[in-house]
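Engineer: after the sequence you'll find the predicted model.
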Amino acid sequence: MSTPATPEHRLLDIFIGRWINKGEMLATPDEPPAKIVTSDVYEWMPGGFFVLHTAYGRIGDADVGGTEIISYDRAAKVYRSHFFDSRGAITTDTLTLRDGSWIWHWREDPRHLGLQRR
């Protein structure tokens with residue numbers, strides 16, 4: 001017998017859809033500011049427990065993209081994200097919902113920290 005998705009899973013409904021995003025990355029000591037334009041699609045995976053996110057776009061002069069899976073971890077009572085990008089990097093995030101805003105707490109897999117954007 002399968003367990004139904006919880007109200008915590010349903011909070012992820014806010015992401016479902018197709019989005020065009022525009023913005024700018026702030027300058028760092030190592031990188032100049034860069035314009036961001038992306039096309040993102042968020043959809044429920046079968047069963048309603050995981051959100052599949054595909055993204056394509058540009059950051060500055062670089063083509064970027066990737067696939068993310070967002071889930072709710074019932075045991076830990078936390079949202080998790082696993083993102084696999086077009087550079088070969090893997091990021092694992094914890095997400096929190098605070099005062100109506102979703103916040104990604106980002107951590108890149110240390111095996112991929114040597115990758116450089118080209």
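Structural biologist: That came through fine.

Engineer: following whichever strand or helix holds Ile70, which helix or strand comes up?
Structural biologist: Taking DSSP states H and E as the criterion, Ile70 maps to strand 62-73. With elements assigned by DSSP H and E, the helix or strand that comes after strand 62-73 is strand 78-85.

Engineer: same for that following strand, what does it pack against?
Structural biologist: Where contact means 3 or more CB pairs under 8 Å, 6 or more residues apart in numbering; DSSP states H and E, strand 78-85 is packed against strand 62-73, strand 90-98. For glycine as for every other residue, the C-beta is placed from the backbone atoms N, C-alpha and C.

Engineer: one more time with 10 Å, if that's ok
Structural biologist: Packing partners of strand 78-85 (3 or more CB pairs under 10 Å, 6 or more residues apart in numbering; DSSP states H and E): helix 7-10, strand 50-59, strand 62-73, strand 90-98, strand 101-105.

Engineer: what does that strand rub up against?
Structural biologist: With CB atoms under 10 Å, 6 or more residues apart in numbering as the test, strand 78-85 has contacts from 8-9, 11-12, 50-51, 53, 55, 64-73, 89-97, 102-106, 108-109, 112, 115.
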